[in-house]
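Q: Any chance you could fold what I've pasted below:
(one chain, ligands or ions: 2)
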Amino acid sequence: MKFIVYNVRDDEIPFIEKWGKDHGIEVKYTTTTLNQETVEEAAGFDGVSCLQTIPYSAELFESFKKMGIKYLSLRNVGVDNIDLPAAKENGVRITNVPAYSPESIAEFAVMMSLYLSRKVGYMRQQLDQKHQFHFSPNFMGRLMSEQTVGVLGTGRIGRAAIKLFKGLGASVIAYDKYPQKTTDESFVYVKSLDDLYNQSDIISIHMPATEANYHQFNHEVFEQMKDTALLINTARGSIVDTDDLMYALQSGEIAGAGIDTIENESADLQDSRSTKQVTNPDVLKLSMMPNVLITPHSAFHTSEAVKNMIDISLGNLEMMMSGKIPADLVD
Ligand code: NAD
Ligand code: COI
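A: Ligands and ions are numbered 1, 2, ... in the order given. Modelled structure (predicted):
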């Protein structure tokens, strides 16, 4: 058996090479993004490992079928960008890695909350733009222990975030569309989303993107939130209406935002060898705002996560090739 790994960054290569050697399996890797034009590179391979936030289209799965490729193993969690019915129709089995390191994303959400709460963006702006290095009333922050954090989605990452926010002394409330029975007394579920919007000083989003929550955070919601509130989105860009967010930040409907995921991410985002300058006007505008921390979908990116993403995704391919059904099969 032999596998091909798409969308590879340099930091993944040692883990891929080690896995191939340890398992005696040929694994080719490429920095190329997987799409209709590049799928030919997978000819002759039994399984594909990939990680990307741009769409996996019906045409791509039709090509997989023509090329006799039956297995696509994602190195990531989210499956919102996949035409799953088309994959099924074309006999392609898909796995993801649901728990490569929930703590990595949770920690990043907390880091963004602290950065914004402690006004670090204002300090950077004074230093970077005015080259001044002195106190300012603009730098007065808020203690996490005096804030109520609203966690939206209490799955793997949401729960890890709750633990960290609690460790900093915050009060935590949460909302989940499918709440699990829990004996965890470190947070309380609010009865409605409105309660989460009204009561939170910080809202941290940890749910998957679906058709139902497309632009859930829009003008009406920003109006409901406290004008001192912070919004942290390390989940998926489509959940937040970027135009409405921009207005909310500029008009003072909310106080700040941590944006690791922004809607309409392009293939460029994941090209780690790219030397292209950013042209997305939203990214440029948000990056200039002292009350915003915007990052290129990097909450996942720790060495612990990368090792697990490679080992588990290639392990899933090996299992499927051996006729076993991995626990990470995506239905
Ligand atoms: P999970 O499946 O363990 O938990 C998701 C939770 O959200 C579940 O409890 C589910 O019931 C809840 N949920 C689903 N739809 C909801 C809705 N409309 N409203 C409220 N709650 C809802 O998933 P996870 O591992 O915690 O990951 C969450 C998301 O984080 C992923 O789907 C992915 O989009 C994103 N993610 C981002 C990064 C990053 O680097 N920024 C990395 C990994 C995952
Ligand atoms: C995920 O694992 O779902 C992520 O968002 C990480 C990204 C590298 C695709």
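Q: gap between residue 109 and ligand 1?
A: 9 Å (C-beta to the nearest ligand atom, to the nearest Å). Just so you know, the C-beta spots here come from the backbone N, C-alpha and C atoms, and that holds for glycine as well.
Q: buried set for the helix or strand where that residue lies?
A: According to DSSP states H and E, residue 109 maps onto helix 102-117. Of all the residues in helix 102-117, those buried under the rule 16 or more other C-beta atoms under 10 Å are 102-113, 115-117.
Q: quick one: which of those residues is nearest to residue 186?
A: residue 106 (13.6 Å; C-beta to C-beta).
Q: show me the contacts for that closest one.
A: Counting by C-beta atoms under 8 Å, 6 or more residues apart in numbering, residue 106 touches 157, 158, 160, 161, 163, 164, 206.
Q: Can you check the pLDDT for it?
A: In the prediction, the pLDDT value recorded for residue 106 is 99.
Q: Spell out which residues of the stretch 101-250 of the chain are next to ligand 1.
A: By C-beta under 6 Å from any ligand atom, the residues of the stretch 101-250 of the chain that approach ligand 1 are 102, 105, 152-158, 175-178, 206-210, 212-213, 234-236.
Q: just checking, which of the residues you listed belong to strands?
A: Among those, DSSP state E puts 152, 175 in strands.
Q: Buried only: go through the residues of the stretch 101-250 of the chain next to ligand 1 for me.
A: 102, 105, 152-158, 175-176, 206-207, 209, 213, 234-236.
Q: Just checking stretch 262-276 against ligand 2, any contact.
A: No. Stretch 262-276 is not in contact with ligand 2 by C-beta under 6 Å from any ligand atom; minimum separation 7.2 Å.
Q: Work out the gap between that stretch and the centre of the chain.
A: 14 Å (C-alpha atoms, centre = their mean, to the nearest Å).
Q: Kindly check the end-to-end length of it for me.
A: Start-to-end span of stretch 262-276 (C-alpha to C-alpha, to the nearest Å) is 18 Å.
Q: Identify the residues contacting that stretch?
A: For stretch 262-276, the surrounding residues in contact (C-beta under 8 Å, 6+ apart) are 7, 9-10, 31, 33, 35, 51-54, 237-238, 240-242, 280, 282-283, 286, 294, 296-297.
Q: coming back round to it: take the residues of the stretch 101-250 of the chain next to ligand 1 and keep only those in helices.
A: 102, 105, 156, 157, 158 (DSSP state H).
Q: and those residues, which two are the farthest apart?
A: Longest span within those, C-beta to C-beta: 105 and 158, 9.7 Å.
Q: Look at residue 195 and say how many residues are nearby.
A: 14 (other C-beta atoms under 10 Å).
Q: Which helix or which strand is home to it?
A: helix 193-199.
Q: And residue 307, by the same measure?
A: helix 303-321.
Q: Mind listing what's buried along that helix?
A: Neighbour-count burial for helix 303-321, with 16+ other C-beta under 10 Å as criterion, is recorded at 305-321.
Q: residues contacting the nearest residue to residue 263 once chain neighbours are set aside?
A: Closest residue to residue 263 in three dimensions, ignoring its sequence neighbours and counting by C-beta to C-beta, 6 or more residues apart in numbering: residue 237, at 3.6 Å. Counting by C-beta under 8 Å, 6+ apart, residue 237 makes contact with 209, 259, 261, 262, 263, 264, 265.
Q: now do 10 Å
A: Taking C-beta atoms under 10 Å, 6 or more residues apart in numbering as the contact definition, residue 237 lies against 53, 209, 259, 260, 261, 262, 263, 264, 265, 282, 297.
Q: residue ranges for the strands of the stretch 151-300 of the chain, please.
A: 171-175, 188-189, 202-205, 230-233, 256-259, 292-294 (DSSP state E, counting those that start in this stretch).
Q: how about those in a markdown table, adding mean pLDDT and distance to residue 130?
A: Below are the strands of the stretch 151-300 of the chain laid out as a markdown table (pLDDT from 0 to 100; distance: least, C-beta to C-beta, whole Å):
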| stretch | mean pLDDT | distance to residue 130 |
| --- | --- | --- |
| strand 171-175 | 98 | 37 |
| strand 188-189 | 96 | 44 |
| strand 202-205 | 99 | 28 |
| strand 230-233 | 99 | 24 |
| strand 256-259 | 98 | 20 |
| strand 292-294 | 98 | 18 |
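Q: Many thanks, have a good one.
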